[in-house]
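Trainee: this one's sequence-less:
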């Protein structure tokens, strides 16, 4: 048994891509997309008909949004529908990162995305709305979950964000592993991190154990991996979203895979906390890595969203 197959026996494997061919090859349970992945997918020849479909729809629909915003929303949903046709589980579709500090606008965009899926015959139970784990994003997700719209809180870098998400009743979080490692390597170039001392791996392990120790139902899905060692160090996590390149690498390795995380015996030294807005903002301010990477992630997703919009505007 190769490591990818072994991993699938202890963890739900999710494809971190918008590439339908890669998803078909690796047969994950779920798939995640974001503005960067949608932009990358939009460059592929097989996606050109989907782009044309989104643009034509945007030219004819009558609502309060601009044709450009309608086209970008429709494209994300159209790609999501294609992905759902070949996977048995869920797809994550991201809200515009530029709404990360606007609770009401995030709720409105999420409801629109869900409505577009439902117009295509897709049940909301197969959709996760991805939202940046800002305070406003978490509060938007709390209200959306109460409406039966399930959320995936992304750009998550520390335990405080994770606790706030769990207390809000969020369906799933995506704590980032590789971007945490990137920050620590840049700020501590003298340190040689291994897969078991990787600060991103340690962060996700801490979150996972805290959730299990205090019986939270929010799913932990490790994300943003730089190498297979990080993935192997989190084997047993609820879910892991992995790029096609790293899935291929795991599938070519036939060595045994040890389960590292288990809900049966969670270990945490952290007392159960309650997170209000003031505590959340202060703890994020005190955590230079989380503060830097959350802001950087929002800027990067927003930049890719603008690039995609320029391409669609040219067609419109």
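Mentor: Here it is on my side, so go on. Everything quoted here is computed from the prediction, not taken from an experiment.
Trainee: And the helices in the stretch 101-250 of the chain?
Mentor: For the stretch 101-250 of the chain, the helices defined by DSSP state H, counting those that start in this stretch occupy 103-119, 135-146, 159-167, 178-187, 199-213, 228-233, 244-251.
Trainee: Export the ones you listed as JSON lines, with columns for mean neighbour count and mean pLDDT.
Mentor: For the C-beta atoms, the positions are set from N, CA and C on the backbone; glycine is no exception. Output for these, formatted as JSON lines (neighbours: other Cβ atoms under 10 Å; pLDDT from 0 to 100):
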{"stretch": "helix 103-119", "mean neighbour count": "19", "mean pLDDT": "98"}
{"stretch": "helix 135-146", "mean neighbour count": "21", "mean pLDDT": "98"}
{"stretch": "helix 159-167", "mean neighbour count": "24", "mean pLDDT": "98"}
{"stretch": "helix 178-187", "mean neighbour count": "18", "mean pLDDT": "98"}
{"stretch": "helix 199-213", "mean neighbour count": "22", "mean pLDDT": "98"}
{"stretch": "helix 228-233", "mean neighbour count": "22", "mean pLDDT": "98"}
{"stretch": "helix 244-251", "mean neighbour count": "17", "mean pLDDT": "96"}
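Trainee: Dump these to CSV, plus distance to residue 309.
Mentor: Below are the helices of the stretch 101-250 of the chain laid out as CSV (distance: least, Cβ to Cβ, whole Å):
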stretch, distance to residue 309
helix 103-119, 14
helix 135-146, 21
helix 159-167, 28
helix 178-187, 24
helix 199-213, 31
helix 228-233, 33
helix 244-251, 26
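Trainee: looking at the ones you listed, which is closest to residue 261?
Mentor: In terms of Cβ to Cβ, the element of the helices of the stretch 101-250 of the chain nearest to residue 261 is helix 199-213, at 5.4 Å.
Trainee: Tell me how far the closest one lies from the chain's centre.
Mentor: Counting by Cα atoms, centre = their mean, to the nearest Å, helix 199-213 is centred 17 Å from the centre of its parent chain.
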